[in-house]
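[1] I would like to see how this sequence folds:
(4 chains)
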Protein chains: 2
Amino acid sequence: MADVGEVLRQLKAAGYKCTGKRQAIVALFVDHPGQTFSAKDVYTYVLSMYPNLSLDTVYRTLELLLQHRIIERLDGADDAARFRLACEEPSHHHHVVCLRCGKSIPIHVCPIEAMREEMDDFDIVDHTVAIYGYCRPCREQNAGQSRPVQPHEGMVTEP
Amino acid sequence: MADVGEVLRQLKAAGYKCTGKRQAIVALFVDHPGQTFSAKDVYTYVLSMYPNLSLDTVYRTLELLLQHRIIERLDGADDAARFRLACEEPSHHHHVVCLRCGKSIPIHVCPIEAMREEMDDFDIVDHTVAIYGYCRPCREQNAGQSRPVQPHEGMVTEP
DNA sequence: TTGTAAATAAGAATGATTACGATTTATAAT
DNA sequence: ATTATAAATCGTAATCATTCTTATTTACAA
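    As a prediction, this is how the structure comes out:
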C-alpha cells in the first residue's frame, strides 16, 4: 500500500523539493487507489486548499509523478487524459474499469500473449487493452438505479 | 472491394449532395484501404486539387462518412484522431497495425471473448484492443533499414 | 433556368495542454 | 537563524485539434 510520506521522501531523495501542493496532489492519488482523475479534477481539488494555483503546476507535477512511476496516464477517446495511482504489480498486466464507480481493477492475464504464437505473419511489439463493464458491487446497485453510466462514457485506454 | 462511385451513389441516395471535395475525400480512403489518415492529412491531400478548402469541410465530411460507416475513427494516445476505410467484415473483430507502413490488418479472433467467462466478479460490456508490430513485408525490409519506426509512434486505439 | 436547402469558406471560439518571464519558496550552506 | 541559489510557482500567452458561426456559394430538382 503506497504511503504519502514514502512517496514524498522518494522524490526528495531524487532531488525534488517537497511543496505543499505536491503533497496534496500525491495524497489525492494515494488516498484513492484505482480511482482516475483528470488534470482538471486535480486542479479543483488542490485549489480548494491552495486558493492560488496554476494549471501549469498541476501538469508539471503530474509529469513528475509519471516519470517516477507514481501515477499512470490513461489516454481516452475523449480529449482529457486521466491519471491514477500506479499499480503496485510490477509485471505486465491490464485493468478492467468500472463504468459506474470509475475504479480500475488489475487483472493478471494478458489476452494478447495467448494470440502471439498464432500470429505467423505479424510481429507483435506492443499493445493496449481497455476493458469496461461493471464490478460486482456496482452491478448489484445498478439494478435499483434509474440511469446507469453508459458504455463509452469516459472511456480510457491503457498499455 | 469498395468503389468510389458506389459510395457516392449511396450518399446521394441518402439525400446528400455529391461535391467534388467529397469525391476526393472518399477516393483517398477507398484507394488506400487499411491506411490511416489524420484530418490534417486529408486536408492537405484535398487542398492539392482544390486550392480553397476549409478544415471544417474535412471534419464535416469525415463525420458524414463515419455516420454511414464508410470510414472508422481511431482514437490514439497522440492528440490527433486518425481515420481509415471501414473494414468490410461486419462481425466483431480487431486489427493489428504495422508500425512501419501504417497498414491495418484485420484479425478475426477476439482475445477478450476468451476471458469473459473467467471473469466472475466483473461484467464486461465493452472493450478496445490495439496491437502494434510489423507485418511480414516490413519485417523483412526492417533488416536493412537504418531507422525503423518506433513503437508508440502514432499509436491508435480501436473498438 | 431558377429556387431552395445543403455545402462551403473564412475565421472566431473552445478546451486541453504546453511554454514563458517574473516572482516566490524549499533547502542547503553559512 | 540568515542567506544564497536553484527549483517551483504564478499568471498569462501560445499551441493544437476540433467545433461553431455567419455569410456566401453550389448541387440538383422542378
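[2] for chain A, what's the longest helix?
    Secondary structure of chain A read by DSSP state H shows that its longest helix is helix A:55-67.
[3] So is that helix next to chain B?
    No: under the criterion of C-beta under 8 Å from any C-beta of the partner chain, chain B is not reached by helix A:55-67; the shortest gap measures 13.0 Å. For the C-beta atoms, the positions are set from N, CA and C on the backbone; glycine is no exception.
[4] Which parts of that helix count as buried, going by neighbours?
    Along helix A:55-67, the positions that meet the burial threshold by neighbour count (16 or more other C-beta atoms under 10 Å in any protein chain shown) are A:57, A:58, A:61, A:62, A:64, A:65.
[5] give me every residue that touches the last one.
    Right, the one you point to is residue A:65. A:25, A:26, A:29, A:71, A:83 (C-beta atoms under 8 Å, 6 or more residues apart in numbering or on different chains).
[6] Nearest spatial neighbour of the fourth one, chain-adjacent residues omitted?
    Across the structure, with C-beta to C-beta, 6 or more residues apart in numbering or on different chains as the measure, the residue nearest residue A:71 apart from its sequence neighbours is residue A:65 (4.4 Å).
[7] Could you check how far that neighbour is from residue A:134?
    The spacing between residue A:65 and residue A:134, counted by C-beta to C-beta, to the nearest Å, is 29 Å.
[8] Next: residue A:122.
    Residue A:122 sits 33 Å away from residue A:134 when distances are taken as C-beta to C-beta.
[9] And for residue A:124?
    Distance of residue A:124 to residue A:134, given as C-beta to C-beta: 30 Å.
[10] who has more neighbours, those two?
    Under the neighbour definition other C-beta atoms under 10 Å in any protein chain shown, residue A:124 and residue A:134 were set side by side, and residue A:134 has more, 22 against 15.
[11] Looks to me like that one is in a helix.
    No: if the criterion is DSSP: H, G, I helix; E, B strand; the rest coil, then residue A:134 is strand and not within a helix.
[12] Output the set of residues of chain A in proximity to chain B.
    The interface of chain A toward chain B, taken as C-beta under 8 Å from any C-beta, is made up of A:75-77, A:96, A:98-99, A:105, A:107, A:109, A:111-112, A:114-115, A:118-119, A:121-136, A:139, A:151-152, A:155, A:157.
[13] How about the residues of chain A by DNA strand D?
    Counting by C-beta under 7 Å from any atom of the strand, the positions of chain A adjacent to DNA strand D are A:15-17, A:19, A:21-22, A:50, A:52-57, A:60-61.
[14] at 6 Å instead, please
    If contact is defined as C-beta under 6 Å from any atom of the strand, the residues of chain A in contact with DNA strand D are A:16-17, A:19, A:21-22, A:50, A:52-57, A:60-61.
[15] For chain B, state which of the residues you listed is nearest.
    Nearest to chain B among the residues of chain A next to DNA strand D, counting by C-beta to the nearest C-beta, is residue A:55 at 17.0 Å.
[16] so what's the nearest residue to that closest one once chain neighbours are set aside up against?
    Taking C-beta to C-beta, 6+ apart as the measure, residue A:55 lies nearest to residue A:43, with 5.6 Å between them; neighbours along the chain are not counted. Under the criterion of C-beta under 8 Å, 6+ apart, the contact list for residue A:43 reads A:53, A:55, A:58.
[17] quick one on the thing from earlier: biggest separation within the contacts of residue A:65, which pair?
    In the contacts of residue A:65, two members sit farther apart than any others by C-beta to C-beta. They are A:26 and A:83, at 11.7 Å.
[18] coming back round to it: please indicate which of the residues of chain A next to chain B are buried?
    The neighbour-count test (16+ other C-beta under 10 Å) marks A:75-77, A:96, A:98-99, A:105, A:107, A:111-112, A:115, A:119, A:122-123, A:126-135, A:139, A:155, A:157 as buried among these.
[19] So which of those residues sit within helices?
    Using DSSP H, the members of those that fall in helices are A:111, A:112, A:115, A:139.
[20] Who are the contact partners of the residue of chain A found nearest chain B?
    Using C-beta to the nearest C-beta, residue A:111 is the residue of chain A that sits closest to chain B, at 3.6 Å. Contacts of residue A:111 were listed using C-beta under 8 Å, 6+ apart, and they are A:94, A:129, B:111, B:112, B:114, B:115, B:129.
[21] what do you get if the cut-off is 7 Å, keeping everything else the same?
    The neighbourhood of residue A:111, defined by C-beta atoms under 7 Å, 6 or more residues apart in numbering or on different chains, consists of A:129, B:111, B:112, B:114, B:115.
[22] The third one is in contact with residue B:127, isn't it?
    Yes: here residue B:112 lies in contact with residue B:127, judged by C-beta atoms under 7 Å, at a distance of 4.7 Å.
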